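Visitor: Below: sequence and its predicted model.
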Amino acid sequence: MSGLSHFDDQGNAHMVDVSDKAVTARIATAEGWVRMAPETFAMITEGRAKKGDVIGIARLAGIMGAKKTSELIPLCHPLPITKVSVDLTADPALPGLRLAATVKTTGQTGVEMEALTAVSTAALTVYDMVKAVDKAMEIGGIRVTLKDGGKSGRYEA
C-alpha cells in the first residue's frame, strides 16, 4: 500500500499525522447534479414543494455537511473551516439542479472531503425533500473541480 498515506507499513488504516505540515491557506471546490422529472423540476423552481424551500434547505444542509465531515469520514481530520458556500443552480436542460460547494481553511491539510461532503449532503437533501413525487431522481457527477494550497499545489479539473 505504499504511496497511500492512510495506510501504515503493515497495510492498516490510520489517520495521517499532519503535525509537521505547514499551515497554509487551503481551498477546494466540488460539483455534482440531481437529475429529475420535468414536473419535479418545475415544482422546485416554482416553490411548490410541500416540504418548503428545497434549494434553501439543501444549501443549509450542504454547509452543515461540510462542517460534520470528520464525524462521517473515519480518517478525516477535524478542521477549522473558515468558509463554506453551496450553490444550487436550476438547469432546465438536465432537467434538475447543478450543485457546487467551495470550502476554505487555513490549516495543515486540505478541504476536498469537506467540499465533496457538502455537495453530497445537499444533493441527498434535494432527493429527500421531493422523493414523494419523484423516486427516480438521479444524483451524479460528484467530483473535485479545484484544490489549492499545501505541498501538492493546485489541481483544477
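Guide: Happy to help now that I have it.

Visitor: Quick one: the helices in this structure, in order.
Guide: For the chain, helices defined by DSSP state H occupy the ranges 38-45, 54-67, 69-72, 112-130.

Visitor: Quick check: which of those helices is nearest to Gly153?
Guide: helix 112-130 (13.3 Å; Cβ to Cβ). The way it works is simple: take the backbone N, C-alpha and C, and place the C-beta from them, glycine included.

Visitor: Next one: Thr45 from Ile27, what distance?
Guide: Thr45 sits 30 Å away from Ile27, going by Cβ to Cβ, to the nearest Å.

Visitor: My read is that Met129 contacts Arg59, right?
Guide: No: Met129 is beyond contact range of Arg59, at 12.0 Å (criterion: Cβ atoms under 8 Å).

Visitor: related to what we said a few turns ago, looking at Thr45 and Ile27, which one has more neighbours?
Guide: Each of Thr45 and Ile27 has its neighbours counted (other Cβ atoms under 10 Å); Ile27 has more, 19 against 15.

Visitor: residues touching the more buried one, list them.
Guide: Applying Cβ atoms under 8 Å, 6 or more residues apart in numbering, we find Ile27 in contact with Thr102, Val103, Lys104, Val111, Leu146, Lys147, Asp148, Gly149.

Visitor: Near Val34, how many other residues are there?
Guide: With other Cβ under 10 Å as criterion, Val34 counts 30.

Visitor: who's in contact with it?
Guide: Applying Cβ under 8 Å, 6+ apart to Val34 gives the contacts Gly96, Leu97, Leu99, Ala123, Val126, Tyr127, Met137, Glu138, Ile139.
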